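Colleague: pasting a predicted model and its sequence here:
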Amino acid sequence: MAYNVKEVAQKPDRLTGGHRMCAGCGAPVVVRNVLKALKPEDHAVIGSATGCLEVSTFIYPYTAWTDSFIHNAFENAAATISGAEAAYVAMKRKGKINGETKFIAFGGDGGTYDIGLQSLSGAMERGHDMVYVCYDNGAYMNTGIQRSSATPKYADTTTSPAGKKIPGKLQPRKDLTEVMANHHLPYVAQTALIGNMKDLYEKSEKAIYTPGPAFLNVLAPCPRGWRYNTPDLMEVSKMAVETCFWPLYEVIDGKYIINYKPKNKLPVKEFLKMQGRFKHLFKAGNEHMLEEIQQEVDRRWEALLRLAGEA
Amino acid sequence: MAIRERLSGNEATAIAMKQINPDVVAAFPITPSTEVPQYFSSFVADGSVDTEFVAVESEHSAMSACIGAQAAGGRAMTATSANGLALMWELLYIAASSRLPIVMATINRALSGPINIHNDHSDAMGARDSGWIQLYSETNQEAYDNMLMAHRIAEHPDVMLPLMVCQDGFITSHAIENIDLLEDDKVKAFVGEYNPEHYLLNKENPIAVGPLDLQPYYFEHKKQQAEAMKNAKKVILDVSEEFYKLTGRKYGLFEEYKTDDADAVIVLINSTAGTAKYVADQYRAQGKKVGVIKIRVYRPFPVDEIAQALSKFKAVAVLDKADSFNAAGGPLFTDITSALYAKGIFGPKVINYIYGLGGRDVRTNDIEVVYNKLLEIAETGKLDSVYNYLGVRE
């Protein structure tokens, strides 16, 4: 069925309002739109790693989740949901439950790229029928903006501060979407908050309803960590895509499909200049760092084009 | 009629798990518990259980998956040893505080470092304050029987806590002994179905598990958890009584062996109780008044009952197969002496021996050393050294 933004918008939110995520945060927007892709009649068991999302949506005795929800620890959302899925399979076999239940785990980049990577890799390799959604905001935002392996090079964070001698994080970011693609899963995709959410919705639907394990990596800007104006959430997200810093693509049974190729690929500094975490790069004398970031973005984009057979 | 068999402790554990037929077993190999998931996965491969076997990539994920499975509404089980239990640490507390009656076979092994694959109790002793019920087993039969009783205790509405059944790595896990098994249908009837009140897979009544629980409620939740552990004592005794009626095998909080008129008593846990009983028999034949107390239920700790039982002896040695590195004594010793003090019992002289670390053999002459010392204390009333080591080279 073709994507119809009006129909999708009318579906009730399965993550309700009243939670305590910041204004201008990408994460709840990601979650709401992923969950819109669930069929209304299907139940979901949703897990979350410890992080902003968890501590802001389920503060005892309140919960913003209308489906069943479990938080276990920081590094084990994937393993936890894999256990729930295993119980579902066994209990269904015994005739103890009926109807469809879908299994979705959410984690930030810290809980996914770093401390939860082993748990994620294991759960995906074992082939559980589940979706893992990483909302990637590029640092440990919940504990106060510490660098993660998803933090872009030269970003100013509280554990990679831009100082007099060291200009922010010195290492380039890990490409987790590629790591997951190399698990040879039925479905892997990278997406962002773009336009009318068509890309995110369609990928979520595929991820949830493709049998077996699926992984979604969604760019989820953070106004506190990235230091943009809160109303600019959609604009900063759009610039990540238009500069090819964050390409939209999917890998279906090993086949790469690039979902959006900008007609006019913008320089990465258009994305960087909106954010306070890169402010120091725009001082005189730091042009070479901007140039280096541009080269890295270009190199990764060209590699992706080759994987998709478009180079 | 019971089924006579000859089984290792690991095999007996795996057969108990087969008869229980849980929804999920999530486990990771580690010596000496590896055989438990190994045997169990063969039951899965042969279709003799309905279980989903989740071959996780670590013990951390084993316990994480068990938490997910049990919260989902299933029965989840696992097995581990030593470093595997240590890697689960964080989740042991979460399982207990989430009130998930997961059942685990803990095949006791020395905790690294240095790495050592053999038996002591440093793994389970380290988990003693994690909120898990701990049952210990002298023999393969006891390991099997404790496993059959585990779910009835853990899942009781007054309890709802996870439970670990401990036995000695290699000494019982790999030794083949005669054992009486119950018929499958009797186990099924005894263990019963798990029908939790709230669970994730109940789509008519979705729930949320694992909240951020701040100053207004966390303390009350921990108090409730503590109450559940207190409640477990009665439930353990009730379930054990029912099991006795079914099998004729009697279990309490601890076993007293030849203690009726004893002056000198050794208190200890797991397989070394067999050696101690053997020496006690020999000493009794010589007219020496010695006995053995073997702890079965270490968590909840039977404070009232153990203090009462020990009050009548002159000298007591508590043997710990784990050190606490507190410069004061092993975990069982400090629990027992604090129980005596709390109950106002100052009669018996109590000493401590750390023994058998890293699988060091415990022989009859080691036990004789302890009894001789106790008899000397009983006679003279003099106590020189409290915190001692047994069978270690100086």
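Modeller: Perfect, I can see it now.

Colleague: residue A:197 touches residue A:32, doesn't it?
Modeller: No: between residue A:197 and residue A:32 there is no contact under Cβ atoms under 8 Å: 9.2 Å. Every residue, glycine included, has its C-beta placed from N, CA and C.

Colleague: and the stretch 201-350 of chain B, which residues reach chain A?
Modeller: B:201-203, B:206-214, B:217 (Cβ under 8 Å from any Cβ of the partner chain).

Colleague: going along the chain from whichever strand or helix holds residue B:376, find the next helix or strand for me.
Modeller: Taking DSSP states H and E as the criterion, residue B:376 maps to helix B:364-380. With elements assigned by DSSP H and E, the helix or strand that comes after helix B:364-380 is strand B:387-390.

Colleague: in that next one, what counts as buried?
Modeller: When burial is assessed from 16 or more other Cβ atoms under 10 Å in any protein chain shown, strand B:387-390 yields the following buried residues: B:387-388, B:390.

Colleague: pipe those residues into a markdown table and attach pLDDT and distance to residue B:263 per row.
Modeller: Shown next, in a markdown table, are these (pLDDT from 0 to 100; distance: Cβ to Cβ, whole Å):
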| residue | pLDDT | distance to residue B:263 |
| --- | --- | --- |
| B:387 | 98 | 22 |
| B:388 | 98 | 19 |
| B:390 | 98 | 20 |
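
Colleague: surely residue A:251 touches residue A:179?
Modeller: No: using Cβ under 8 Å, residue A:251 makes no contact with residue A:179, being 11.6 Å away.

Colleague: who has more neighbours out of these two?
Modeller: Using other Cβ atoms under 10 Å in any protein chain shown, the more surrounded residue of residue A:251 and residue A:179 is residue A:251, with 23 against 16.

Colleague: you'd agree that one is in a helix?
Modeller: No: counting by DSSP: H, G, I helix; E, B strand; the rest coil, residue A:251 is not part of a helix but strand.

Colleague: ok, now how distant is it from residue A:309?
Modeller: Per Cβ to Cβ, to the nearest Å, residue A:251 is found 13 Å from residue A:309.

Colleague: again, but for residue B:191
Modeller: 57 Å.

Colleague: and the two? which has more neighbours close in?
Modeller: More crowded of residue B:191 and residue A:309, by other Cβ under 10 Å: residue B:191, with 21 against 10.

Colleague: please, where are all the strands along the stretch 101-250 of chain B?
Modeller: B:103-108, B:133-137, B:163-168, B:176-181, B:208-209 (DSSP state E, counting those that start in this stretch).

Colleague: what packs against the third one?
Modeller: What it means is strand B:163-168. When contacts are defined as 3 or more Cβ pairs under 8 Å, 6 or more residues apart in numbering or on different chains; DSSP states H and E, strand B:163-168 sits against helix B:9-20, strand B:103-108, strand B:133-137, helix B:140-154.

Colleague: mind listing the strands it pairs with, and their directions?
Modeller: strand B:103-108 (parallel), strand B:133-137 (parallel) (DSSP bridges).

Colleague: and for the fourth one?
Modeller: Strand B:176-181 has the following sheet partners, assigned by DSSP bridges: strand B:3-8 (antiparallel).

Colleague: list the contacts of the partner strand.
Modeller: B:15, B:35, B:140, B:144, B:172-183 (Cβ atoms under 8 Å, 6 or more residues apart in numbering or on different chains).

Colleague: drop anything exposed from the residues you listed.
Modeller: Neighbour-count burial (16+ other Cβ under 10 Å) applied to the contacts of strand B:3-8 gives B:15, B:35, B:140, B:144, B:172-174, B:179, B:181-182.

Colleague: between these, which is closest to chain A?
Modeller: Distance to chain A across the buried ones among the contacts of strand B:3-8 (Cβ to the nearest Cβ) is lowest for residue B:15, with 19.2 Å.

Colleague: now residue A:193. Nearest residue, chain neighbours left out?
Modeller: residue A:237 (4.4 Å; Cβ to Cβ, 6 or more residues apart in numbering or on different chains).

Colleague: same check on residue A:31?
Modeller: Nearest non-adjacent residue to residue A:31, counting by Cβ to Cβ, 6+ apart: residue A:15, 5.0 Å away.

Colleague: bridging residues for the one you found?
Modeller: residue A:65.

Colleague: what pLDDT does it get?
Modeller: According to the prediction, residue A:15 has pLDDT 98.

Colleague: list the contacts of it.
Modeller: Residues near residue A:15 by Cβ under 8 Å, 6+ apart: A:28, A:31-32, A:35, A:57, A:64-66.

Colleague: at 7 Å instead, please
Modeller: For residue A:15, the contacting residues are A:28, A:31-32, A:35, A:57, A:64-65, by Cβ atoms under 7 Å, 6 or more residues apart in numbering or on different chains.

Colleague: contact residues of chain A facing chain B?
Modeller: Those residues of chain A that sit near chain B, judged by Cβ under 7 Å from any Cβ of the partner chain, are A:43, A:45, A:54-55, A:58-61, A:63, A:65-73, A:76, A:79-84, A:86-91, A:93-94, A:97, A:99, A:101, A:118-119, A:122, A:126.

Colleague: now the buried members of these.
Modeller: A:43, A:45, A:54-55, A:58-59, A:63, A:65-73, A:76, A:79-84, A:86-91, A:97, A:101, A:118-119, A:122, A:126.

Colleague: narrow the residues you listed to those in helices?
Modeller: The helices, defined by DSSP state H, take in A:54-55, A:79-84, A:86-91, A:118-119, A:122 from those.

Colleague: of all the strands of the stretch 101-250 of chain B, which one comes closest to residue A:24?
Modeller: Across these, residue A:24 has its closest neighbour in strand B:208-209 (25.7 Å, Cβ to Cβ).
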